[in-house]
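Visitor: Quick check, what structure comes out for this input:
(one chain, ligands or ions: 2)
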Amino acid sequence: MIRLSFCESRVSPRQQVGFWSGSGSGSRTGSSRGEKSKITEVDLSDTESLCRSLWNSDKCPCNNSLDSWLIDCSNCKQYWHLDCVTLYGLDDADINKLVKWRCPFCYVAPVSTSQFTQDDSCLTCRNTRTLRDANHAFEVAAAASHIKNTAANNEDDLTSHSSAIASENAMKCIESEFKQLSDRCNHMFHDVSKNVAKLETEITKFISQPLATSSTIETHSVLLQRISDQLETISKKQANTAPTAQRPSHPVPSAGAFEAPPPPPPTTAKHHQKSNDGLLHEFIDEHMSTSIIGLLQASDFKSENGRSTVSFGEPYTYTGSKSSRNATTSFPDVLQPVVDKINALQKDLFYSNHPDLKKHENRHPAPLINSCLVNRYTGPESFLPSHSDNEITIHPESSIFTLSLGQPATVKFSGIDQEPEPANDTEITPGHRSLYHMTRKSQDFFKHAIDKGSIADGTRYSLTFRCVSWKNRNSTCIIGDSNTGMLNFGTNKRSTFGELMPGQKYWAPCIRDIKPESCISFSNVVILCGINDVKKSEVNSQEDIRNLGNSLINKIKQIKQLNPKCYVSVCPLLPTKSRELNQKVNFFNCVLASKVASMGPGVQCVEGFHGFAEHDGTLVGSLSKTLDRHGGLDILHLNPYGARVLAGLIKGRLNRNFNLYIFCYILVVLMIRDNLVKLACLYLLPTSYQSYFKISP
Ligand SMILES: O=C(O)CCC(=O)C(=O)O
Ligand SMILES: [Fe+2]
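Guide: Numbering: from 1, shown residues only. Ligands and ions are numbered 1, 2, ... in the order given. Down below sits the predicted model:
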């Protein structure tokens, strides 16, 4: 119950100094507590004693005497002026209605106040102390928990820090090791890239410059061989392997030459073990060799320079050949199994060089062995003069296989231009029943010989197998883009050129794809290439087109360097269905024609291409495809009919060369039979011509 009383007291001067720093003005609008009170006589440092001295619960803590009702606190019983506790405007009746009222002391802090006791009767102090203690306890507890946490954290931190430091150190070590490694790698990479750059420059120089004369240059193949030897030496050094484990050091003038053939079919594998000396030892068994030697002992050998010879199958003729003309072009039964085994190797070699033809074996058969020339050597006095098997009648893609029987011999190989003292000779010593092979193409760059004294007492037979045909005089290599796709060599019904013109097609969509080395040993080389270069968007100016023309001419020069005897027939670019593109095509053709004209009789343009153009210069519709394979308009591809017309033009050009050759051949034969020519002239030519030729009867 609230107790209400009326304040009558007056504040004594001593009581004005009080805990409360304000002095009540008595006004209803609130006491002015900002005024500073004077502190005398009381020890201010002892707050509690100070409070006790001042405390009187019957008086408002403002210590002022006001005409005002007082209200006491339901909790601590302290009296307060109504105005001092902001209960303005309430009278005693209102106040008495209040059941419970708590004074500001009891709301000093949001902490529970201690129970009122006599010892601790000062509410101010009690609350303050309680508050202080509570705060202190709270602080202590908070501090304790903080310290604990910090300690725990520190411990964790410490652990993690120490492990972090450890890992950091480890990382630093790794980093420095890594740096060292990367420095070394950089060094190595730098060296390697320097070497690669050097190599690249060398190759670029070699390819970009027209080759020098065949007597002074090293061929592509030799350069490649040198590079491969160099790489081999480096890898040998690095792998620290015994040099004896390396492949034989025979010169390799073109792919596969002098190398042992690839692994044979599994059924005969045990006889075909490839050896380090490039020979296939025990290529045939003893039984087969005995049968062959029996055949040879019964054969009629003709004596030649240093040895004697006999031949089987198709005749193989060369300068000074004396071996008999064979009654039949088929092989004796005894030889057939060997020929079959060699043909299996021949196929493997051919299709490994032309993997794209493998899936059409019927249309693109490998050149098969049809000729065998046997040399008989009888002891140390026998020899084989240095020579190349570069006869034009040997199929350009054929290998030349030699089977040895009897005494071993040393066969020496040397570069074709190393007369009279061959340098860098390499040799092999084929023993009884062994086989070695060379490519036909290698024969344009290398020769071989058996010197006197290189065969021991006794007899040695060598049987050399080749694919030979007089038609190979007209062998042709076509290097072309998609428009040569429908031109086919071969003897079947899809053949475009027929059996008189054996040959090989090489795919070169752009001028840079032309490989001069693929033309080696062909009689004719036909080139149809350049449209894919000309139609490139970056080829715009006449200068660009002139450069393209020059690059094609460079390729032709390289072909002529590698194969000086061949006839090169260059096809102009076909017109297209785009007039804009045709302007570039025409300019390219002009450049080409003028440059080809200055290259001499071995290089000529194929004529008659104007037949592919309509009156407005575009590609004739009836000779060309309408749609490309994506269903769009085809502007530059011939249809089968157009391809036949193209084949006709190429054939016409090549036949002219062939016919010229045949004509010259016949003329020479007739001139040899001098008397016959004279006789013919005497009776057939008019007198004026007789006097012109100064022919006298
Ligand atoms: O006897 C040999 O090993 C080589 C034979 C040869 O080169 C040849 O007949 O053309
Ligand atoms: Fe030979």
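Visitor: okay, CA-based contacts and neighbour counts for the rest of this
Guide: OK.
Visitor: residues contacting whichever residue of the chain sits closest to ligand 1?
Guide: Scanning the chain for the residue nearest ligand 1 gives residue 462, at 4.6 Å (criterion: Cα to the nearest ligand atom). Applying Cα atoms under 8 Å, 6 or more residues apart in numbering, we find residue 462 in contact with 374, 375, 376, 402, 403, 404, 405.
Visitor: can you put these in a markdown table and add secondary structure?
Guide: Shown next, in a markdown table, are the contacts of residue 462 (DSSP: H, G, I helix; E, B strand; the rest coil):
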| residue | secondary structure |
| --- | --- |
| 374 | strand |
| 375 | strand |
| 376 | strand |
| 402 | strand |
| 403 | strand |
| 404 | strand |
| 405 | strand |
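Visitor: just to revisit the earlier point, ramachandran angles for the residue of the chain closest to ligand 1?
Guide: Backbone torsions of residue 462, given as degrees, to the nearest 10, read phi -120, psi 130.
Visitor: List the residues that contact residue 373.
Guide: Contacts of residue 373 by Cα under 8 Å, 6+ apart are 309, 310, 311, 312, 316, 463, 464, 465.
Visitor: ok so the first one is a strand residue?
Guide: It refers to residue 309. Yes - Residue 309 sits within a strand when classified using three-state DSSP.
Visitor: Skip the chain neighbours and tell me the closest residue to it.
Guide: residue 375 (4.6 Å; Cα to Cα, 6 or more residues apart in numbering).
Visitor: wait, isn't the one you found in contact with residue 305?
Guide: No - proximity of residue 375 to residue 305 does not meet the contact threshold set by Cα atoms under 8 Å, at 10.7 Å.
Visitor: pLDDT on stretch 578-598, on average?
Guide: What stretch 578-598 shows for mean pLDDT is 94.
Visitor: same deal with stretch 609-620?
Guide: 92.
Visitor: what distance separates the start and the end of that stretch?
Guide: 11 Å (Cα to Cα, to the nearest Å).
Visitor: From here on, call the first residue 41.
Guide: That works, and once the first residue is 41, the last one we named lands at stretch 649-660.
Visitor: What residues of it count as buried?
Guide: Buried residues in stretch 649-660, counting neighbours by 16 or more other Cα atoms under 10 Å, are found at 649, 651, 652, 653, 657, 658, 659, 660.
Visitor: closest to residue 421 among those residues?
Guide: Nearest to residue 421 among the buried residues of stretch 649-660, counting by Cα to Cα, is residue 649 at 60.6 Å.
Visitor: Get me the contact residues on this protein for ligand 1.
Guide: When proximity is defined as Cα under 6 Å from any ligand atom, the chain approaches ligand 1 at 415, 429, 502, 504.
Visitor: Among those, which one has the most neighbours?
Guide: residue 502 (26 neighbours; other Cα atoms under 10 Å).
Visitor: The spatially closest residue to that residue that is not a sequence neighbour: what's it in contact with?
Guide: Leaving aside its chain neighbours, residue 502 sits nearest to residue 444 (4.6 Å; criterion: Cα to Cα, 6+ apart). By Cα under 8 Å, 6+ apart, the residues touching residue 444 are 470, 471, 472, 473, 474, 475, 500, 501, 502, 503.
Visitor: got it, and residue 418?
Guide: 347, 497, 498, 499, 500.
Visitor: repeat that with 6 Å
Guide: Each residue near residue 418 by Cα atoms under 6 Å, 6 or more residues apart in numbering is listed here: 498, 499.
Visitor: so what's it bridging to?
Guide: Bridge pairing for residue 418 (DSSP bridges) gives the partners residue 499.
Visitor: and the gap between it and residue 375?
Guide: Counting by Cα to Cα - residue 418 and residue 375 are separated by 22 Å.
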